[in-house]
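Asker: kindly return the folded structure for what I paste below:
(one chain, ligands or ions: 2)
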Amino acid sequence: MSLSASAILSFTPSFHQSRISVLRRHTKLPSSPDFLNVRRSWPTHLYSFNTTPCALQHFHAQHGALLQDAGATALVMAGAYALVLAFDNLTNRNLIEQQNLSRKLVHVLSGLLFLCSWPIFSTMREARYFAALVPLLNCIRLVINGLSLSTDEGLVKSVTREGNPDELLRGPLYYVLVLILCATIFWRESPIGMISLAMMCGGDGVADIMGRRYGVLKIPYNQQKSWAGSISMFVFGFLISVGMLYYYSTLGYFQLDWAWTVERVALVSLVATIVESLPITDILDDNLSVPLSSMLMAFLFFGYQYPSR
Ligand SMILES: C/C(=C\COP(=O)(O)O)CCC[C@H](C)CCC[C@H](C)CCCC(C)C
Ligand SMILES: Nc1ccn([C@@H]2O[C@H](COP(=O)(O)OP(=O)(O)O)[C@@H](O)[C@H]2O)c(=O)n1
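Answerer: Ligands and ions are numbered 1, 2, ... in the order given. Just a heads-up that it's a prediction; the model follows:
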């Protein structure tokens with residue numbers, strides 16, 4: 001095998017599957033922190049209890065988890081509305097001087113706070129669909145307002161560049177579609193969704209903020225992008241990715257070999273930064289190219305971790 005092939009292979013998961021051990025749901029550590037487990041008798045199909053639960057315990061387990069997920073969905077949905085409303089008010093009161101800064105802060109915070117909220121959902125396999133309801137409802141909200149079937153001035157002002165409702169059907173819509181994808185396909189068990197959202201929300205969002213402010217030196221192959229923006233994308237995308245992986249590993253969702261992980265997150269961030277710097281925004285929006293390239297690279301490096309039965 002040639003050196004380059006073995007070098008590439010050494011990064012692929014088959015060489016390192018042991019480096020990432022997804023904590024199986026039946027281990028002693030709960031797949032969500034103790035203080036979140038309202039009752040210990042959770043759906044037995046996720047845990048290997050010694051005693052067969054009675055029908056009542058199973059009923060409580062199922063309904064307790066459903067109530068937890070319904071409440072978590074309502075709470076996160078309220079948070080989504082509150083975030084957009086807050087930035088709309090801050091902009092109206094000129095406490096945030098640029099509308100673009102407001103939009104970018106919503107861009108950075110929405111997805112990252114959504115990602116941070118996943119542990120409040122139950123340990124049911126279906127919990128991811130409750131979580132995905134929030135970006136789905138926002139997707140509907142964006143389409144309705146983007147088609148001018150309704151007018152939510154605060155939403156339009158907070159998440160569009162020029163204040164045109166049809167802008168909602170591009171960047172913001174792709175953004176919430178990626179949130180739905182990451183919640184339903186990757187959820188809490190896989191580092192792929194977390195890294196992809198960290199790159200799209202944290203990296204790309206900060207690139208815009210720093211690039212507009214300090215981006216004097218432009219990138220040779222794309223005069224719309226700057227070294228300051230791209231370096232910010234790499235640094236913040238990397239740091240926020242590692243931060244999210246650390247957050248989830250401390251909650252017991254997986255154990256990572258951090259030296260090995262940090263190397264690969266840096267490579268994912270580098271690739272995502274290069275993709276974001278390319279002059280392809282007219283062909284493929286950054287809110288698609290950045291997360292999709294991050295997913296591909298994270299898949300190659302970390303493998304596809306899916307919850308065990
Ligand atoms: C401004 C946004 C995208 C624009 O991207 P770009 O064109 O600047 O590249 C983000 C749009 C956010 C959306 C309207 C609301 C999404 C809320 C999210 C699903 C849940 C957040 C919950 C959390 C607890 C605040
Ligand atoms: N790598 C980057 C990214 C953005 N930027 C700055 O941020 C502005 C908006 O970037 P963008 O077109 O990627 O914005 P979004 O598509 O992320 O909303 C650019 O016009 C640049 O002024 C930069 O300088 N360098």
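Asker: spell out which parts of the stretch 101-250 of the chain neighbour ligand 2.
Answerer: 171, 204, 207-208, 211-212, 215, 224-226, 229-230, 233 (CB under 6 Å from any ligand atom). Placement of C-beta: from N, CA and C, glycine included.
Asker: give the contact list for the closest residue to ligand 1 within the stretch 201-309 of the chain.
Answerer: Among the residues of the stretch 201-309 of the chain, residue 287 lies nearest to ligand 1; the distance is 5.0 Å by CB to the nearest ligand atom. Contacts for residue 287 (CB atoms under 8 Å, 6 or more residues apart in numbering) come out as 171, 174-175, 178, 200, 204.
Asker: just want the residue of the protein that's nearest ligand 1.
Answerer: Closest point on the chain to ligand 1, by CB to the nearest ligand atom, is residue 171, at 2.4 Å.
Asker: just give me the neighbour total for that residue.
Answerer: 20 (other CB atoms under 10 Å).
Asker: got a list of what it touches?
Answerer: Residue 171 makes contact with 159, 285-287, according to CB under 8 Å, 6+ apart.
Asker: flag every residue of this protein that's near ligand 1.
Answerer: 76, 79-80, 83-84, 103, 106-107, 110, 113-114, 117, 134-135, 138, 159, 171-172, 175-176, 179, 286-287.
Asker: give me the subset of these lying in strands.
Answerer: Under the assignment DSSP state E, these contribute nothing to strands.
Asker: that older thread, tabulate the contacts of residue 171 (a markdown table), appending pLDDT.
Answerer: Formatted as a markdown table, the contacts of residue 171 follow (pLDDT from 0 to 100):
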| residue | pLDDT |
| --- | --- |
| 159 | 90 |
| 285 | 96 |
| 286 | 96 |
| 287 | 97 |
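Asker: could you single out the nearest of these to residue 293?
Answerer: Using CB to CB, the shortest approach to residue 293 within these belongs to residue 286, at 10.3 Å.
Asker: is it true that that closest one touches residue 204?
Answerer: Yes. The pair residue 286 / residue 204 is scored as a contact, 5.3 Å apart, by CB atoms under 8 Å.
Asker: circling back: how about TSV for the contacts of residue 171, with distance to residue 242 added?
Answerer: Shown next, in TSV, are these (distance: CB to CB, whole Å):
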residue	distance to residue 242
159	28
285	26
286	21
287	22
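Asker: which of the residues of the chain next to ligand 1 fall in helices?
Answerer: Counted as lying in helices by DSSP state H, out of those, are 76, 79-80, 83-84, 103, 106-107, 110, 113-114, 117, 134-135, 138, 159, 171-172, 175-176, 179, 286-287.
Asker: these two touch, right, residue 157 and residue 96?
Answerer: No. The pair residue 157 and residue 96 fails to qualify as a contact (CB under 8 Å) at a distance of 11.2 Å.
Asker: mutual contacts of the two, please.
Answerer: residue 102.
Asker: so for residue 121, what's the nearest residue that isn't a sequence neighbour?
Answerer: residue 127 (4.0 Å; CB to CB, 6 or more residues apart in numbering).
Asker: show the pLDDT at the one you found.
Answerer: According to the prediction, residue 127 has pLDDT 97.
Asker: OK, contacts around it?
Answerer: 65, 69, 72, 121.
Asker: equivalent analysis for residue 285, please.
Answerer: Counting by CB under 8 Å, 6+ apart, residue 285 has contacts 170-171, 174.
Asker: want to try JSON lines for those residues, with distance to residue 250 and pLDDT as columns?
Answerer: Below are those laid out as JSON lines (distance: CB to CB, whole Å; pLDDT from 0 to 100):
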{"residue": "170", "distance to residue 250": "36", "pLDDT": "96"}
{"residue": "171", "distance to residue 250": "32", "pLDDT": "96"}
{"residue": "174", "distance to residue 250": "31", "pLDDT": "98"}
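Asker: now render those as TSV, adding distance to residue 253.
Answerer: Converted to TSV, the contacts of residue 285 look like this (distance: CB to CB, whole Å):
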residue	distance to residue 253
170	33
171	30
174	27
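Asker: against which helices or strands is the strand or helix carrying residue 273 packed?
Answerer: Under the criterion of DSSP states H and E, residue 273 resides in helix 258-277. With contacts defined as 3 or more CB pairs under 8 Å, 6 or more residues apart in numbering; DSSP states H and E, the packing partners of helix 258-277 are helix 191-197, helix 204-214, strand 222-226, helix 227-250, helix 286-302.
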